[in-house]
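> quick one, structure for this:
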Amino acid sequence: MSQQDVVIVGGGIVGCVLAKGLSEQAGLSVTLVDAASPSNAASSSNASSSSNESNVFNPLTDTRVIALARRTVNELNAMGVGLAELAKQNQGKIEHIEVSDKGGIGLTNLSSSEFGINTFGQVVSLSALTHNVMSQSKQYQHIAPATVTHLARETDSTLVTLNNGSTINAKLLVIADGGRSSLAQQVGLTRHTDDYQQVAIIFNAHTSEPHHNKAYERFTKNGPVAFLPFDSEINGHVAKGKGFSVVWTVAREHAESLIQLSPEAFIRRLQQEFGYRQGQITAISELASYPLALSYTDALTSHRAVVVGNAAQALHPIAGQGFNLGLRDIITLVNTLKGVTDPGEFNVLNDYAAKRSKDRTATITLTDTLVRTFSNSHFPLVAARNMALTALNVIPSAKRAFVQQTTGYGRSV
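As a prediction, the model looks like this:
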């Protein structure tokens, strides 16, 4: 039996960064349990496997691209994650943002220089970021592939049994295994889910005009279309300043018919929704999709257990807040556990939950409100949101508050 201060279940980017932070900055003994096999890291995300592991989500081959808010970038750099290395591969800077409403007059333009900052954030490949963290020297134990088969919580510890027969006795269990986590329910946390009846279609795109580090959020009656500056290779051609990562949110009943279109027909439909801000859309990569819902646990902690990242709250991708909220979870947890002898003690976990409450509630509310306000063709809401976008563009204090919240430095954070 292994004796540890903390056992983390979930080897995605949240679990990896947390393991690094708790072991290096909080000085705790940590074991990270990961369902995905490290041997799959070198394989393509499209490669197939004859083993059961082919059905296990592997963060090392995750095709998603994410926008790290300015605070997240600063916090990760402070933890030694080294985002500068990723920037050498793909700059991904966000210096300008345009928010618009299709068919309306509402328009907001933001430039980082207006607010005395160099960027609003950085766009990175999730798999590249995970590789970056995992390739660094580890002061924690990493067990993979392995899954939890049994939990037994006692007064002073939690006994975790794995499918390989090994057991870990830890003072604190951290659940970081994503929005479909069953462990959260096993430790007594209730999960609430609100289905948005929408699907996110994700892919990379090339355009005829350079992006100049500008990101776009365009609202349509079926949902938002987000373009993030990110240069990728499509059909052997590298974008070189004309590439984007795209998240196109559509009503569920329209998703399958869109996905089945030929690339040429898909581009025509996308161009109709996005417009010609970047000239012609010249190429798209393979498409991936996933259903959208708001999912969150009723509490962040239970006896000797804490839930973080998407396991705690999985949000709609609108405004790109979900992953950044999860990173703020783990930064707060690392800081809370520095210098403590018992990381699972009730008062310690209660302190963590109190610190996360305001930011969590505000971000969930903001995201959910944006979804319901901007994925709607009801005339009063259309008029109201266009007025809001226009006001945001001309009222400096409103702009400043919006930028502070979305970059991770709002009053609620």
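> against which helices or strands is whichever strand or helix holds L258 packed?
Using DSSP states H and E, L258 sits within helix 252-259. Helices and strands touching helix 252-259, by 3 or more CB pairs under 8 Å, 6 or more residues apart in numbering; DSSP states H and E, are strand 191-207, strand 288-297. All C-beta atoms are positioned from the backbone trio N, CA, C, and that covers glycine.
> which residues are contacting the last one?
Right, strand 288-297. For strand 288-297, the external contacting residues (CB atoms under 8 Å, 6 or more residues apart in numbering) are 63-64, 179, 184, 189-196, 198-203, 249, 252, 255, 259, 307, 311-317, 364, 367-368, 371.
> quick check: ChimeraX command selecting the buried ones in those residues.
Buried residues within the contacts of strand 288-297, by 16 or more other CB atoms under 10 Å, are selected in ChimeraX with:
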select :63,64,179,184,189,191,196,198,199,200,201,202,203,249,255,307,311,312,313,314,315,316,317,364,367,368,371
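> in the stretch 101-250 of the chain, which spans are strands?
Taking DSSP state E, counting those that start in this stretch to define them, one finds strands in the stretch 101-250 of the chain at 107-111, 121-125, 141-143, 148-153, 158-162, 167-175, 191-207, 214-220, 223-229, 233-234, 237-238, 243-251.
> mind listing what the longest one pairs with, with the direction of each?
Spelled out, that is strand 191-207. strand 243-251 (antiparallel), strand 281-284 (antiparallel), strand 288-297 (antiparallel) (DSSP bridges).
> stretch 281-297 spans what distance, first to last residue?
40 Å (CA to CA, to the nearest Å).
> next one: stretch 138-150
From start residue to end residue, stretch 138-150 stretches across 26 Å - CA to CA.
> just the mean pLDDT for that stretch, thanks.
The average of the pLDDT scores along stretch 138-150 is 94.
> let's have the chain start at 45 instead
All set: I'll call the first residue 45, so the last point we hit is now stretch 182-194.
> quick check: buried residues in that stretch?
For stretch 182-194, by 16+ other CB under 10 Å, it's 182, 184-190, 192.
> got these as a markdown table, with distance to A343 columns?
Putting those into a markdown table (distance: CB to CB, whole Å) gives the following:
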| residue | distance to A343 |
| --- | --- |
| K182 | 31 |
| Y184 | 26 |
| Q185 | 28 |
| H186 | 28 |
| I187 | 27 |
| A188 | 29 |
| P189 | 30 |
| A190 | 27 |
| V192 | 20 |
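> wait, which of those is closest to L216?
Nearest to L216 among those, counting by CB to CB, is Y184 at 13.4 Å.
> the closest one and E253: what is the separation?
Distance of Y184 to E253, given as CB to CB, to the nearest Å: 45 Å.
> residue closest to the middle of the chain?
F367 (2.5 Å; CA atoms, centre = their mean).
> apart from its chain neighbours, what residue comes closest to that residue?
Residue nearest to F367 in three dimensions, not counting chain neighbours: I110, with 5.1 Å by CB to CB, 6 or more residues apart in numbering.
> let's have the strands paired with strand 235-251 in TSV, adding distance to S201.
Listed next are the strands paired with strand 235-251 as TSV, based on distance: least, CB to CB, whole Å:
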stretch	distance to S201
strand 287-295	41
strand 325-328	51
strand 332-341	22
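> quick one: these as TSV, columns for mean pLDDT too.
Formatted as TSV, these follow (pLDDT from 0 to 100):
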stretch	mean pLDDT
strand 287-295	96
strand 325-328	97
strand 332-341	95
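> bridging residues for the residue nearest to F367?
Beta-bridge partners, per DSSP bridges, of I110: V168.
> so it sits against Q166, correct?
No. Using CB atoms under 8 Å, I110 is not in contact with Q166, being 9.5 Å away.
> all helices for the protein, in order.
57-68, 114-122, 127-133, 170-179, 227-230, 296-303, 307-318, 366-381, 390-418, 423-438, 440-450 (DSSP state H).
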